[in-house]
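Enquirer: just the structure for this:
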Amino acid sequence: SDFKCFLCKSFFKDPRILPCGHTFCLRCLSGLPTAATDAVTCPTCAAPSPRRLLASLPRNTSASRLATSNSFKVLCEECGCSEAKLRCVICPMIACEPCMNRAHESKILQKHVRSKYSPTQEADTCRLHGGQPVVYYHVASNLFVCELCAPDGWYQGHKVLPVAETAASHRATLQASLQELSRIIAPPPDPAQQAKAETSHMFAKLRELLDHHEQVALNDAEKLALAL
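Expert: The predicted model follows:
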């Protein structure tokens, strides 16, 4: 989507344009791992950008306006015609009311919790209790939930983790993936430069060997002179 950040998959919040032309939330860019050169790597094209310049990157005003505007509509994922009004918290599914009802006709699916859907809903607020900050990560459904979800009982008995712990784990996974990606897409060494480096290394070894033999010869000559 043109309105969503590639990293957090949510609508842009303070979108900034990297020198390579790709746009991400400033908070997402700040969370990227730093290379040895004190630069962050674009997740899309791997182009480096100095970390110290992140805060001064130009804002993508078009992306910000589209992400915060209420004038556009998100269409139902099922029919593709009507405006999406509901979100299934468990699936998750975004659809109009008729399609949502048809998709949840079975007794098992009827137990799924639904909430009103807004395309501008904050990414760090609960889907079920709009506006409430998320505090736990519900592992089974891959959802972030708030304190009010516990009394509702829909995730009782399931594994939940604190948001901070989940964020740290996901950040470590992302860093490992980015490092592996950087290794895979790293440009191959230039044959001419590689040959030059190997030649320089070989002559350095030869000079080291000659210096050693020279020193041995001088020591032998000094010993011979003393003997005479």
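
Enquirer: quick check: residue 29 touching residue 14?
Expert: No - taking contacts as Cβ atoms under 8 Å, residue 29 lies outside contact range of residue 14: 9.6 Å. Where you see a C-beta, it was placed from the backbone N, CA and C, and this is true even at glycine.

Enquirer: higher neighbour count, these two?
Expert: More crowded of residue 29 and residue 14, by other Cβ atoms under 10 Å: residue 29, with 23 against 14.

Enquirer: who's in contact with that one?
Expert: 16, 18, 40, 54, 57 (Cβ atoms under 8 Å, 6 or more residues apart in numbering).

Enquirer: go again using 10 Å as the cut-off
Expert: If a contact means Cβ atoms under 10 Å, 6 or more residues apart in numbering, then residue 29 has 5, 7, 14-16, 18, 23, 40, 42-43, 49, 51, 54-55, 57 as its contacts.

Enquirer: about what we covered before: overlap in contacts of residue 29 and residue 14?
Expert: residue 57.

Enquirer: tell me who's in contact with residue 53.
Expert: 16, 18-19, 39-40 are the contacts of residue 53 under Cβ under 10 Å, 6+ apart.

Enquirer: can you redo the residues you listed as a markdown table with neighbour count, secondary structure and pLDDT?
Expert: What follows is the contacts of residue 53, written out as a markdown table (neighbours: other Cβ atoms under 10 Å; DSSP: H, G, I helix; E, B strand; the rest coil; pLDDT from 0 to 100):
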| residue | neighbour count | secondary structure | pLDDT |
| --- | --- | --- | --- |
| 16 | 25 | strand | 89 |
| 18 | 22 | coil | 90 |
| 19 | 13 | coil | 89 |
| 39 | 16 | strand | 85 |
| 40 | 23 | strand | 86 |
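
Enquirer: return the member of these nearest to residue 106.
Expert: Set against residue 106, the nearest of these by Cβ to Cβ is residue 16 (44.9 Å).

Enquirer: from residue 32, how far out is the closest one?
Expert: 12 Å (Cβ to Cβ, to the nearest Å).

Enquirer: ok, residue 133 next?
Expert: For residue 133, the distance to residue 32 - Cβ to Cβ - is 24 Å.
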